[in-house]
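Participant: sequence first, then the predicted structure, then my questions.
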Amino acid sequence: MLPHLHDLHKLYGPVVRVRPNMLHFSKRAAYMDIYKMGTTLTKDPWFYNCFNLPESSFGFLDPRKHRERKEILNPFFHRKAILKLEHVLQETVDHLVDRLGSTPDVPIDCYYAFRAAAMDVITSYFFGQTLGCLDTPGFTHELLVSVSTLIKSFWISKWFPIIGIVLSRLPEWVVVKMDPRLRITFDMRDMLARQIDNFMSNPAAASSNEKHQRPSRNSLLNESQLLVQAGSDTIGIASYVGLFHALNTPRVYRALRAELDAALPDKEQSYTLRQLEELPYLTAYIKEALRVAQGIVSPLPRIAQRDMIIGGYPVPKGTSVAMAAPFVHNDPDIFESPEEFRPERWLTPESAELENSIVAFSRGARQCLGINLAWAEMYLIFGNVFRRLDFEMHNTSIEDFSHTKDFFSPVLRGRHLHALVRPRKE
Ligand code: HEM
């Protein structure tokens, strides 16, 4: 879909009609108009209903309901809250490092390893327990395998919503009979439901937030499922793509390790998030990883609630408008040689300008709620794995990372990155 969109823009210019009532744009000015703060544009039900999470922060279409939910969730995503639970993140990252370094002669499938870490972080951060993804041999926990398979059917519910609706209404046993790999997604939902029921049976919980009514059980379940999905897949892919580019670009790998070694002389010691945040090359590297990994690759459609101008073009009320993040991240007018992985671009005096063009988390009122948490995770993951482990890429090349498919999340068409990983000596 993405290459096709590119071709269409080449042929027809910066605005293309991609559905009878939907326009796709290709220039940054349009992106900023669609996704800016304070806009009256709302999420397009055609696209967002196919996630079947209508009562979650992500799924609410009504801006008032969305605002209310954000007010309830915000405290859990503030920097203060993250610093308070930094030890939870650090424990999971330590576990990742131990597990990666424990089989020095066996190539590790880094795709699953980093997804396992992301899943264990998010479940321990929000629910105080994990499914043990990092402890699974080869990191191929059945939930991760199932999600990686399920994600590829995203286009079915996007383009044939009726199929998604029918599937979501089938009894659990029928779905499991059709595809036994889905059993684990129901187990996950049941684990979350048990936690919610425990929470709701506590009378103190009813009055925990004076300003807002407590969300219904179904809404809490939608929200929990969303947090697990949104917080694991995204981090998994961003850290995996970032790792590949560090290993594939020796200059970057050396520079990262040199900075970390100088700043963190004792590799056995844990370093705090604040210490890692002060490292300029590591910070630039994470920005570049976010740019290249793209975040969410699908165009995220919004409905114009009145006649408006987008990217200089008049758009009538009721039109669905969108622009996919890769059109900003790969624009050579913004990022010189965008196909190159170059953390150094973030270290020049002009790089402050580029900050406005990193849209991995989207922008405006519906931008990612987990930005602070995502940054914290990436600092801790990259800071620790590069300081404490040696990586040697195995049987993987740039070809494996050259074709991204749009399944909402980016899915790379090539082989998974494998690497030999050993604890560092010094
Ligand atoms: C590198 C990591 C991440 C990336 C690139 C990312 C990207 C995004 C993007 C692009 C959106 C907007 C989606 C849309 O408008 O349809 C979004 C929304 C959201 N993300 Fe993230 N995300 C990341 C990590 C996280 C984490 C760790 C969490 C924590 C659970 C999280 C929670 C959410 C939530 C709750 C929303 C819905 C926000 C709303 O509509 O108000 N994300 N994310």
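Facilitator: Perfect, thanks for sending it. Note that the structure is a prediction, hence the values are computed from the model and not measured. Residues are numbered from 1 along each chain as shown.
Participant: helices or strands next to the longest helix that the chain contains in the packing?
Facilitator: Criterion DSSP state H: the longest helix present in the chain is helix 217-248. With contacts defined as 3 or more Cβ pairs under 8 Å, 6 or more residues apart in numbering; DSSP states H and E, helix 217-248 has these neighbours: helix 110-127, helix 142-150, helix 183-200, helix 250-263, helix 280-293, helix 371-388, strand 389-394, strand 409-412. Any C-beta I mention is one placed from the backbone N, CA and C, and that applies to glycine too.
Participant: at 6 Å instead, please
Facilitator: Applying 3 or more Cβ pairs under 6 Å, 6 or more residues apart in numbering; DSSP states H and E, we find helix 217-248 packed against helix 110-127, helix 183-200, helix 280-293, helix 371-388.
Participant: reformat those as TSV; add mean neighbour count, mean pLDDT and distance to Val176.
Facilitator: Shown next, in TSV, are these (neighbours: other Cβ atoms under 10 Å; pLDDT from 0 to 100; distance: least, Cβ to Cβ, whole Å):
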stretch	mean neighbour count	mean pLDDT	distance to Val176
helix 110-127	25	95	21
helix 183-200	15	88	5
helix 280-293	22	98	33
helix 371-388	22	97	32
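Participant: check contacts around the residue in the stretch 51-200 of the chain that the ligand sits nearest to.
Facilitator: Nearest residue of the stretch 51-200 of the chain to the ligand: Phe58, at 3.8 Å (Cβ to the nearest ligand atom). Shown in contact with Phe58 (Cβ atoms under 6 Å, 6 or more residues apart in numbering): Leu226.
Participant: could you do Val16 as well?
Facilitator: Going by Cβ under 6 Å, 6+ apart, the list of residues near Val16 reads 8-9, 24.
Participant: tell me the secondary structure at the residue nearest to it when sequence neighbours are not counted.
Facilitator: Nearest residue to Val16, sequence neighbours excluded (Cβ to Cβ, 6 or more residues apart in numbering): Leu8, at 4.6 Å. Under DSSP: H, G, I helix; E, B strand; the rest coil, Leu8 falls in the helix class.
Participant: how much space between Leu8 and the ligand?
Facilitator: The gap separating Leu8 from the ligand is 22 Å, by Cβ to the nearest ligand atom, to the nearest Å.
Participant: do you know how far that residue is from Val15?
Facilitator: Separation of Leu8 from Val15 (Cβ to Cβ, to the nearest Å): 10 Å.
Participant: again with Leu260
Facilitator: 45 Å.
Participant: again with Ser153
Facilitator: For Ser153, the distance to Val15 - Cβ to Cβ - is 30 Å.
Participant: tell me which of these two has more neighbours.
Facilitator: Between Ser153 and Val15, counting by other Cβ atoms under 10 Å, Val15 is the more crowded of the two (19 against 14).
Participant: can you pull the pLDDT of the residue of the stretch 51-200 of the chain closest to the ligand?
Facilitator: Predicted confidence (pLDDT) at Phe58: the value is 97.
Participant: confirm that it sits in a strand.
Facilitator: No. Phe58 is assigned coil when assessed by three-state DSSP, not a strand.
Participant: and the gap between it and Lys65?
Facilitator: Taking Cβ to Cβ, one finds Phe58 at 12 Å from Lys65.
Participant: same thing with Phe186?
Facilitator: Phe186 is 27 Å from Lys65, by Cβ to Cβ.
Participant: could you check how far the residue nearest to the spatial centre of the chain is from Phe361?
Facilitator: With distances taken as Cα atoms, centre = their mean, Thr234 lies nearest the centre of the chain, 1.9 Å away. With the distance defined as Cβ to Cβ, Thr234 ends up 9 Å from Phe361.
Participant: likewise for Asn372?
Facilitator: Taken as Cβ to Cβ, the span from Asn372 to Phe361 is 10 Å.
Participant: what's the answer for Asp33, then?
Facilitator: Using Cβ to Cβ, Asp33 is found at 18 Å from Phe361.
Participant: and these two? which has more neighbours close in?
Facilitator: Ranked by neighbour count (other Cβ under 10 Å), Asp33 and Phe361 place Asp33 first, with 21 against 17.
Participant: could you find the closest non-adjacent residue to the more buried one?
Facilitator: Ile310 (4.6 Å).
Participant: which stretches of this protein have low pLDDT?
Facilitator: Scanning the chain for pLDDT under 70 picks out 203-210.
Participant: residues of it that sit close to the ligand?
Facilitator: 57-58, 70, 122, 226-227, 230-231, 234-235, 238, 295-296, 300, 360-362, 366, 368-370, 373-374 (Cβ under 6 Å from any ligand atom).
Participant: the residue of the stretch 51-200 of the chain closest to the ligand and Leu300: what is the separation?
Facilitator: Taking Cβ to Cβ, one finds Phe58 at 11 Å from Leu300.
Participant: rewinding a little: wait, what's in contact with the residue nearest to Asp33?
Facilitator: 30, 33, 321.
Participant: could I get those residues as JSON lines with secondary structure?
Facilitator: Formatted as JSON lines, the contacts of Ile310 follow (three-state DSSP):
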{"residue": "Ala30", "secondary structure": "helix"}
{"residue": "Asp33", "secondary structure": "helix"}
{"residue": "Val321", "secondary structure": "strand"}
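Participant: which ones are touching Tyr48?
Facilitator: Gly59.
Participant: point me to the helix or strand that includes it.
Facilitator: Element membership for Tyr48, per DSSP states H and E: helix 45-48.
Participant: what are the buried residues along that helix?
Facilitator: 47-48 (16 or more other Cβ atoms under 10 Å).
Participant: switch to numbering from 111
Facilitator: In the new count, where the first residue is 111, that last one comes out as helix 155-158.
Participant: just to revisit the earlier point, just the buried residues out of the residues of the chain next to the ligand, in PyMOL syntax.
Facilitator: To isolate the buried members of the residues of the chain next to the ligand in PyMOL, using 16+ other Cβ under 10 Å:
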select buried, resi 167+168+232+336+337+340+341+344+345+348+405+406+410+470+471+472+476+478+479+480+483+484
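Participant: endpoint to endpoint, stretch 285-292 covers what distance?
Facilitator: 7 Å (Cα to Cα, to the nearest Å).
Participant: how about that stretch: buried residues?
Facilitator: Quick answer for stretch 285-292 (16+ other Cβ under 10 Å): 285-286, 292.
Participant: before we move on, what about stretch 247-259?
Facilitator: 249-258.
Participant: now do the contacts for the closest residue to Arg129 other than its chain neighbours.
Facilitator: Spatial nearest neighbour of Arg129, chain neighbours left out: Ser430 (7.1 Å); criterion: Cβ to Cβ, 6+ apart. Applying Cβ under 6 Å, 6+ apart to Ser430 gives the contacts 131-132, 154, 411, 413.
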